[in-house]
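Trainee: Here you go, sequence then predicted model.
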Protein chains: 2
Amino acid sequence: MINVLGQRQQDLLRLLLRNKGGLTVDELSRQLEITRNAVRQHLASLESDGLVAPGISRPSGGRPEQLYVLSDEGKEIFPRQYSWFAELVIDTIRDDAGDEVLKKRLDRMGERIADQLRAQNPPGANRQKQVEKLAKVMEGMGYNTGGATVGEGKPVIEADNCIFHNLAMKNPDICRFDLALMARFTDSKIDHQECMAKGGNVCRFKFSPKPKTSS
Amino acid sequence: MINVLGQRQQDLLRLLLRNKGGLTVDELSRQLEITRNAVRQHLASLESDGLVAPGISRPSGGRPEQLYVLSDEGKEIFPRQYSWFAELVIDTIRDDAGDEVLKKRLDRMGERIADQLRAQNPPGANRQKQVEKLAKVMEGMGYNTGGATVGEGKPVIEADNCIFHNLAMKNPDICRFDLALMARFTDSKIDHQECMAKGGNVCRFKFSPKPKTSS
């Protein structure tokens, strides 16, 4: 994603990547061959984007010199292969243990996270309230839900950003994780009416009471 | 990462996220309340960054209307949780099967990828040549190696970008994947002399002949 920045800011960030202890304005100015004022302007802009942060001050002969470092977010602007890695691990589980074990494991992962989230959030008074809580939690994860609505008398969540998009495109079983999480959190049956990984415009989830299991 | 773009370009990308089938210049102009020329300039800039692409043309009464859509890369500028997901899967393997199984699985994943890469790349004439090949392969993955060097008479690779950084910070066992990959690809013993996940400035790998196993 670094390519969306201007060339000079890219060069500055690459210098900080190569010097993780940080660099001073003077050092950046020398290495980029631009004035210290220009360096300061770039640093201010990158700092306000959250990509750069002031580091420690280095003692020098006179005034200690301020170092600038990549922030955690700044590091993450460089290439990452998390999606590929997750895919490899998922493939390995399937190869070792088979499809059914993989599916069960994805279900269990979703349920475990739902239990953690339930412990952190007071329960809603009814299903609609609980789905509204879930929509907020999902908003915080990045799903871009814009809250819960009602469709055909039942609570509905629509998300237009899939936080696992590449993974779900490669392996639709990944959606089991989300569905298990939502079902457990709201104690509902979920209808996945539309799915972005299958070409949908959004992911649309409808929440109904769980069917009674006959004894 | 979308926050490093200007506000108008963010708004434009968010409209395309909500309308995955695409929007025309006219529709974008109306919804963003800016001129069609301004829309065209933003689209040109976003297209050259690889975030937006022309979609299909929509038949209309007169001339068919060109639609613009998010590219695959453009979708990925919105929040993703691949690293968290990979972490969850890794934790589940450890919980289910224990530390030793997890380590073996990471080793096996690295070896499997090394075998695939060896099949795609003709072997180097000697260890140094083979390590140089590996450095190029790693460059392509995003490690930022700048090629292989020689240290104390042995081939060395230094990478200043860790493509699994967040994962490796949470769980240093992740490095086993890289080490297994490199060892198998070069048929070498690897010394991980410095590691970014442990506060190093780079990851530094030294390659030696494998110790002979006594029969």
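Mentor: Structure received. Only a predicted model underlies this, so the values are computations on that prediction, with no experimental measurement involved.
Trainee: switch to C-alpha atoms for all contacts and neighbour counts from now on
Mentor: Will do.
Trainee: From chain B, how far off is A:Asn19?
Mentor: When distance is defined by C-alpha to the nearest C-alpha, to the nearest Å, A:Asn19 is 7 Å away from chain B.
Trainee: That should have said A:Leu179, apologies.
Mentor: A:Leu179 sits 14 Å away from chain B, going by C-alpha to the nearest C-alpha.
Trainee: Once you drop chain neighbours, what's closest to that residue?
Mentor: A:Ile190 (6.9 Å; C-alpha to C-alpha, 6 or more residues apart in numbering or on different chains).
Trainee: Would you agree the one you found falls within a helix?
Mentor: No - read with DSSP: H, G, I helix; E, B strand; the rest coil, A:Ile190 is strand and lies in no helix.
Trainee: burial count for it?
Mentor: Counted with other C-alpha atoms under 10 Å in any protein chain shown, residues neighbouring A:Ile190 total 20.
Trainee: got it, and A:Leu134?
Mentor: Neighbours around A:Leu134, by other C-alpha under 10 Å: 25.
Trainee: Three-state assignment for it, please.
Mentor: Look at A:Leu134: counting by three-state DSSP, its state is helix.
Trainee: close enough to count as contact, the residue nearest to A:Leu179 and A:Leu181?
Mentor: No - using C-alpha atoms under 8 Å as the test, A:Ile190 is too far from A:Leu181 to be in contact (10.3 Å).
Trainee: pull the CA atoms of the lengthiest helix in chain A into CSV?
Mentor: Assignment by DSSP state H gives helix A:99-120 as the longest helix of chain A. C-alpha atoms of helix A:99-120 as CSV (Å, rounded to 0.1, in the frame of the first residue of the first chain):
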residue,chain,number,x,y,z
ASP,A,99,-12.7,-31.3,5.6
GLU,A,100,-15.0,-32.2,8.5
VAL,A,101,-12.4,-31.5,11.1
LEU,A,102,-11.5,-28.1,9.5
LYS,A,103,-15.2,-27.1,9.4
LYS,A,104,-15.6,-28.0,13.1
ARG,A,105,-12.5,-26.1,14.0
LEU,A,106,-13.7,-23.0,12.2
ASP,A,107,-17.0,-23.3,14.1
ARG,A,108,-15.2,-23.7,17.4
MET,A,109,-13.0,-20.7,16.7
GLY,A,110,-16.0,-18.5,16.0
GLU,A,111,-17.8,-19.7,19.2
ARG,A,112,-14.7,-19.1,21.3
ILE,A,113,-14.5,-15.5,20.1
ALA,A,114,-18.3,-15.0,20.7
ASP,A,115,-17.9,-16.2,24.3
GLN,A,116,-15.1,-13.7,24.9
LEU,A,117,-17.2,-10.9,23.3
ARG,A,118,-20.3,-11.9,25.4
ALA,A,119,-18.2,-11.7,28.5
GLN,A,120,-17.1,-8.2,27.6
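Trainee: Give me the buried stretch members for it, please.
Mentor: A:102-103, A:105-114, A:118 (16 or more other C-alpha atoms under 10 Å in any protein chain shown).
Trainee: Can you classify A:Gly50 by secondary structure?
Mentor: Following three-state DSSP, A:Gly50 is assigned to coil.
Trainee: which one of the buried residues of helix A:99-120 is nearest A:Ile163?
Mentor: A:Gly110 (14.1 Å; C-alpha to C-alpha).
Trainee: got the contact list for the closest one?
Mentor: A:176-182 (C-alpha atoms under 8 Å, 6 or more residues apart in numbering or on different chains).
Trainee: Pick out whichever of those residues sits closest to chain B.
Mentor: A:Phe177 (9.6 Å; C-alpha to the nearest C-alpha).
Trainee: Quick check: which element contains A:Arg204?
Mentor: Per DSSP states H and E, A:Arg204 falls inside strand A:203-209.
Trainee: A:Val150 bridge partners, please.
Mentor: A:Pro155 (DSSP bridges).
Trainee: thinking it is in contact with A:Val156, fair?
Mentor: Yes - contact criterion C-alpha under 8 Å: A:Val150 and A:Val156 qualify, at 5.4 Å.
Trainee: just to revisit the earlier point, sort out which of the contacts of A:Gly110 are in helices and list them.
Mentor: A:176-182.
Trainee: what residues does chain A put near chain B?
Mentor: Proximity of chain A to chain B, by C-alpha under 8 Å from any C-alpha of the partner chain, involves residues A:1, A:3-5, A:17-21, A:49, A:77-83, A:85-86, A:88-90, A:92, A:105, A:109, A:141-143, A:160-165, A:201-202.
Trainee: List buried residues within these.
Mentor: Of the residues of chain A next to chain B, these count as buried by 16+ other C-alpha under 10 Å: A:1, A:4, A:17, A:19-21, A:49, A:78-83, A:85-86, A:88-90, A:92, A:105, A:109, A:142-143, A:160-165, A:201-202.
Trainee: Am I right that A:Val101 is in contact with A:Asp91?
Mentor: No - with contacts counted by C-alpha under 8 Å, A:Val101 stays clear of A:Asp91, the gap being 11.8 Å.
Trainee: check contacts around A:Gly200.
Mentor: Each residue near A:Gly200 by C-alpha under 8 Å, 6+ apart is listed here: A:Glu194.
Trainee: returning to what we had before: the more surrounded of A:Val150 and A:Val156?
Mentor: A:Val156 (23 against 12).
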